[in-house]
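Visitor: for reference, the sequence and a predicted model appear below.
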Amino acid sequence: MLYPTHIAAGALAGAMVVKLTSAPPKLWPLIIGTSMLASLVPDFDKRGSKASRTVPGSGFIIGAITSHRGFLHSLAAIALLSAGLYLFWPGLPKEVLFAFTAGALSHPLVDTINPQGVQWLWPLNVKLSLARILPWPFSFTTGSKIEKGIFQPMLWFLTVWLLLGDKVKSFM
Ligand SMILES: [Zn+2]
């Protein structure tokens, strides 16, 4: 999917972590920012993606080792990256670690809507896609009108609603 869609899904994942951990508001920007950044990481396997453009040459190198929506989009990769973060960053608040994992997971989840599918269970060479079980408009291609016009705004709406829904209700 498009990178703004991944960022929106990352924000929603961060909002879920905020809710699940009852994090204090001063941690919200760190948690949600981490999830939004983490949501872009799997696309390091694609030359020209937003993520790979931040580190020159990375898309070329990683893209040569693994295919797009392959290893870096798998549960194994996300578990490895999360474990790495946990091991090599002592004292990292657990909310931030959860935010990384949740944000990274949001990426293949969103890509699963795509008919090309995602290699969730790498090294098994099977690409899973919602398109096999759900028809249009629940499955759509990258850059489609549904993605930009409906799916992205819906993700942002859910994010704001999760974070501020209680406050809005208390005003009414
Ligand atoms: Zn992707």
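Guide: Nice, I can see it.
Visitor: C-alpha from now on. contacts and neighbour counts both.
Guide: OK.
Visitor: residue 157: what secondary structure?
Guide: helix (DSSP: H, G, I helix; E, B strand; the rest coil).
Visitor: how many other residues sit next to it?
Guide: 13 (other C-alpha atoms under 10 Å).
Visitor: separation between it and residue 46?
Guide: 28 Å (C-alpha to C-alpha, to the nearest Å).
Visitor: what's the answer for residue 94, then?
Guide: Where residue 46 is concerned, residue 94 sits at a distance of 29 Å (C-alpha to C-alpha).
Visitor: the more surrounded of these two?
Guide: residue 46 (23 against 12).
Visitor: give the contact list for the more buried one.
Guide: 52, 59, 60, 62, 63, 67, 68 (C-alpha atoms under 8 Å, 6 or more residues apart in numbering).
Visitor: change it to 7 Å
Guide: Residues in contact with residue 46 (C-alpha atoms under 7 Å, 6 or more residues apart in numbering) are 52, 59, 63, 68.
Visitor: so what's the residue count around the first one?
Guide: Other residues within reach of residue 52, judged by other C-alpha under 10 Å, total 23.
Visitor: which helices and strands does the host helix or strand of residue 37 pack with?
Guide: Applying DSSP states H and E as the criterion places residue 37 in helix 28-38. With contacts defined as 3 or more C-alpha pairs under 7 Å, 6 or more residues apart in numbering; DSSP states H and E, the packing partners of helix 28-38 are helix 3-21, helix 94-111.
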